[in-house]
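# Quick one: sequence plus predicted model below, questions after.
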Amino acid sequence: MVTTWWKHGIIYQVYPRSFLDTNGDGIGDLQGIVRSLDYLTWLGVDALWVSPIFPSPMADFGYDISDYCSISATFGQLADFDRLVTEAHRRHVKVILDLVPNHTSDRHPWFVDSRSSRASSKRDWYIWRDGQPDGPPNNWMSNFGGPAWEWDETTHQFYYHAFLKEQPDLNWRNPEVRMAMQAVMRFWLDHGVDGFRIDGLWHLIKDASFRDNPVNAGYGPGQPDINRFLQVHSADQPEIADLVAELRAVVDAYADRVLIGEIYLPLQRLVAYYGKDLEGVHLPFNFQLLFTAWNAPALASLIEEYERALPVGAWPNWVLGNHDQKRVATRVGDAQARIAAMLLLTLRGTPTLYYGDELGMTNVPIPPDAVQDSWEKNEPGLGLGRDPQRTPMQWSKSVHAGFTDQTPWLPVGANYRQCNVDEEKGDPGSMLILYRSLIALRRRMPALAGGAYRAVPLGENILAYERVEGDQRLLIALNLDSDAKPVRLPSWAGTDVLLSTRTVKPASVSMPFVLHADEGVVIGSETDVEQAIEGAS
């Protein structure tokens, strides 16, 4: 049984603007998170990952930071954050901050100084280049559309921005930049945070020669601008390993903290961020479930490939949703979202939940005049906007889903009267109760928390595997079809259905065994299973 909290724990992402508004401005705040801690402990999560709460002009809603060592007045004050940490820790919940080191806001004092003159002491803190006779320094594109170079009329050079022009990239080849960001990390570690999720980690280092990226032969109409070229030189450079090791050393100077990396790369490159001798990030976020075809062969192949790719001793992790991707219930449908919940919480490794997914929240259509996301505004019509998955948390059937008593910054889902915390708490068949039961079962069963993973062939479009720890052996079988399927269970399978996506009540295994349409089960022989789901139904 593993003991390090970030190995056996469950991480829950809160998007603060959308969690709970306590001051009536239609935007969530830190006090809202504090008031919600009892709900999170009831659910059973172990750590809270809080998306950016620093001062920001909000061009990218907090991912354009103008002060790394303070709290945006939108969310509260530093005292409110300190209270959040204290109250979370009192409930044995860890707090993980979202750190954005790749770029700042163009209003950050560092950049204001940097662009004031070519002779500025902060000039080399950012990436400034002369242009070519016919335009920008090279063909690098912004992730949010258009060229990644912005002309500065004052100093007659271009600066690089991997995202919005209001988000100039820092020059991580400059030792002063690295020391400044390490000081930021220590500031928040001294305030009690339990770790960081590093935004855009694979972007930190760029090609020193600023070579053009190669043309992407697969680019076609309807794709975003960033796909025009392969990001061979603008991201994921070899020198990144040394930088990540430096960040890890900062965290390791404090007891039992975690470093998580946002890395959208193929598996073979993703696992490289564990670092030599596992001195990189503890958890390079594994987003593969967000993009893999939702069928048993594809998922089984993904899991096997990931397990094979992991360095010796590396701890796996799985992500089912976040603020940048469509909600899982929208991607796979309501019925299969229950299967997805069981998959996430029975795989080997640390699971990360996105707020509201435990309710079955879906993407919310945003009217054109209510769009907030700059990406949608920059590249309209491509379906890239992230507002639909960032809508307010649905707490109750009262006005605006109990999120606020004023007009919310984004509209709430039309289904909020049925899909909300209050209603689902009282429904033993709800998605919320399923999530709580799965979390409780995972906490009770060593095989789920830290056991080995082995694939089990059970039938067409059935994803099945065993989790083993010592004498405890569990079978997980997930029917990814909308048809019932008779299944021949292996001889070693237990006699109890510990949990089904159809019901949280344990039952004996009947023969012949039939997996109902869109059903997942956990089968074992734990006689005291009732204790694992006590109070969940």
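Looks like it arrived, so ask away. As the structure is a computational prediction, the values presented were derived from the model and not from experiment.

# My read is that Tyr39 contacts Val421, right?
Yes - counting by CB atoms under 8 Å, Tyr39 does reach Val421; the two are 6.6 Å apart. All C-beta atoms are positioned from the backbone trio N, CA, C, and that covers glycine.

# more neighbours, these two?
Higher neighbour count among Tyr39 and Val421: Val421, with 21 against 14, using other CB atoms under 10 Å.

# residues touching that one, list them.
For Val421, the contacting residues are 39, 359, 394-396, 402, 432, by CB atoms under 8 Å, 6 or more residues apart in numbering.

# same thing but at 7 Å, please
Residues in contact with Val421 (CB atoms under 7 Å, 6 or more residues apart in numbering) are 39, 359, 395-396, 432.

# Now, of those residues, which are buried?
359, 395, 432 (16 or more other CB atoms under 10 Å).

# which one of the residues you listed sits closest to Glu153?
Among the buried ones among the contacts of Val421, Trp395 lies closest to Glu153 (CB to CB), at 48.1 Å.

# returning to what we had before: can you pick out the most distant pair from the contacts of Val421?
Between any two of the contacts of Val421, the greatest separation by CB to CB is 12.8 Å, found for Ser396 and Leu432.

# picking up where we left off before, which of the contacts of Val421 lies closest to Ile27?
Trp395 (15.2 Å).

# Against Thr352, how distant is the residue most central in space within the chain?
With distances taken as CA atoms, centre = their mean, Asn322 lies nearest the centre of the chain, 4.4 Å away. Going from Asn322 to Thr352 by CB to CB, to the nearest Å gives 8 Å.

# what is in contact with these two at once?
Counting by CB under 7 Å, 6+ apart, the residues touching both Asn322 and Thr352 are Gln13.

# Walk me through the domains of the chain.
Domain assignment for the chain by automatic domain parsing gives 5-104+173-432, 109-160, 451-532.

# Tell me which of those sits nearest to Arg443.
Closest to Arg443 of these is domain 5-104+173-432 (CB to CB; 6.6 Å).

# Pull up the distance across the closest one, start to finish.
End-to-end distance of domain 5-104+173-432: 23 Å, with CA to CA, to the nearest Å as the criterion.

# In three-state terms, label Tyr453 for me.
strand (DSSP: H, G, I helix; E, B strand; the rest coil).

# Count the residues that sit near the nearest residue to it once chain neighbours are set aside.
Leaving out its chain neighbours, the residue that sits closest to Tyr453 by CB to CB, 6 or more residues apart in numbering is Arg348, at 4.3 Å. Arg348 has 22 neighbouring residues, counting by other CB under 10 Å.

# go on, Arg91?
Neighbours of Arg91 under the rule other CB under 10 Å: 10.

# ok, now which ones touch it?
When contacts are counted by CB under 7 Å, 6+ apart, Arg91 touches 37, 41.

# So what's the predicted local confidence for it?
With respect to pLDDT, Arg91 scores 98.

# picking that back up, secondary structure class for the residue nearest to the centre of the chain?
For Asn322, the secondary structure call by three-state DSSP comes out as coil.

# List phi and psi for the residue nearest to Tyr453.
phi -80, psi 130 (degrees, to the nearest 10).

# My read is that it contacts Pro316, right?
Yes - counting by CB atoms under 7 Å, Arg348 touches Pro316, with 5.6 Å between them.

# Could you count how many residues lie near the residue nearest to Asp46 when sequence neighbours are not counted?
Spatial nearest neighbour of Asp46, chain neighbours left out: Gly9 (3.1 Å); criterion: CB to CB, 6+ apart. Neighbours of Gly9 under the rule other CB under 10 Å: 22.

# will you turn the buried ones among the contacts of Val421 into TSV that also has distance to Ile366?
Formatted as TSV, these follow (distance: CB to CB, whole Å):
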residue	distance to Ile366
Leu359	19
Trp395	20
Leu432	25
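
# Now intersect those residues with the helices, please.
In helices, defined here by DSSP state H, the members of the buried ones among the contacts of Val421 are Leu432.

# TSV for the buried ones among the contacts of Val421, including distance to Glu466 and pLDDT?
Below are the buried ones among the contacts of Val421 laid out as TSV (distance: CB to CB, whole Å; pLDDT from 0 to 100):
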residue	distance to Glu466	pLDDT
Leu359	30	98
Trp395	38	98
Leu432	28	98
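
# Among the buried ones among the contacts of Val421, which one sits closest to Pro16?
Distances from Pro16 to the buried ones among the contacts of Val421, taken by CB to CB, are shortest for Trp395, at 14.9 Å.

# How about that closest one, nearest residue that isn't a chain neighbour?
Trp395 sits nearest to Gly402 (CB to CB, 6+ apart), 3.4 Å away.

# same thing with Ala477?
In space, Ala477 is closest to Ala464, 4.4 Å off (CB to CB, 6+ apart).

# For the one you found, what is the enclosing helix or strand?
strand 462-469 (DSSP states H and E).

# Could you identify the helix or strand that succeeds that strand?
strand 472-479.

# for the strand holding Ala464, packing partners?
Contacts defined by 3 or more CB pairs under 7 Å, 6 or more residues apart in numbering; DSSP states H and E place strand 462-469 against helix 296-309, helix 446-450, strand 452-455, strand 472-479.

# Please identify the deepest-packed of these.
Highest mean neighbour count of the helices and strands packed on strand 462-469: strand 472-479, a mean of 23 (counted as mean count of other CB atoms under 10 Å).

# And Ser491, how close does it get to Arg473?
Ser491 is 12 Å from Arg473, by CB to CB.

# residues touching Met58, list them.
Met58 neighbours (CB under 7 Å, 6+ apart): none.

# May I ask you to confirm that Arg228 is in contact with Ser142?
No - counting by CB under 7 Å, Arg228 stays clear of Ser142, with 10.9 Å between them.

# which of those two has more neighbours?
Using other CB under 10 Å as the criterion, Arg228 and Ser142 rank with Ser142 on top: 24 against 13.

# Which helix or which strand is home to the closest residue to Arg269 other than its chain neighbours?
Leaving aside its chain neighbours, Arg269 sits nearest to Asp236 (6.1 Å; criterion: CB to CB, 6+ apart). Here Asp236, judged by DSSP H and E, is contained in no helix and no strand.

# Count residues in the vicinity of Asp236, would you?
22.

# Which residues are in contact with it?
If you count contacts by CB under 7 Å, 6+ apart, then Asp236 has 202, 265, 269 around it.

# So the second one lies in a helix, does it not?
Read it as Leu265. No - Leu265: not assigned to a helix; according to three-state DSSP it is coil.

# can you tell me which residues contact it?
Contacts of Leu265 by CB under 7 Å, 6+ apart are 202, 236.

# mind checking which of the domains of the chain is nearest Glu166?
Closest of the domains of the chain to Glu166 is domain 5-104+173-432, at 4.0 Å (criterion: CB to CB).

# Count the neighbours of Ala180 for me.
15.

# so where do the strands sit in the stretch 151-300 of the chain?
Remark: strands assigned in the stretch 151-300 of the chain by DSSP state E, counting those that start in this stretch are 157-160, 195-198, 258-261, 283-284.

# Mean pLDDT, distance to Cys69 and mean neighbour count added to those strands, as a markdown table?
Below are the strands of the stretch 151-300 of the chain laid out as a markdown table (pLDDT from 0 to 100; distance: least, CB to CB, whole Å; neighbours: other CB atoms under 10 Å):
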| stretch | mean pLDDT | distance to Cys69 | mean neighbour count |
| --- | --- | --- | --- |
| strand 157-160 | 98 | 23 | 22 |
| strand 195-198 | 98 | 14 | 26 |
| strand 258-261 | 98 | 19 | 24 |
| strand 283-284 | 98 | 25 | 26 |
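
# and of those, who's closest to Gln13?
Between Gln13 and those, the shortest separation by CB to CB is 8.4 Å, and it involves strand 195-198.
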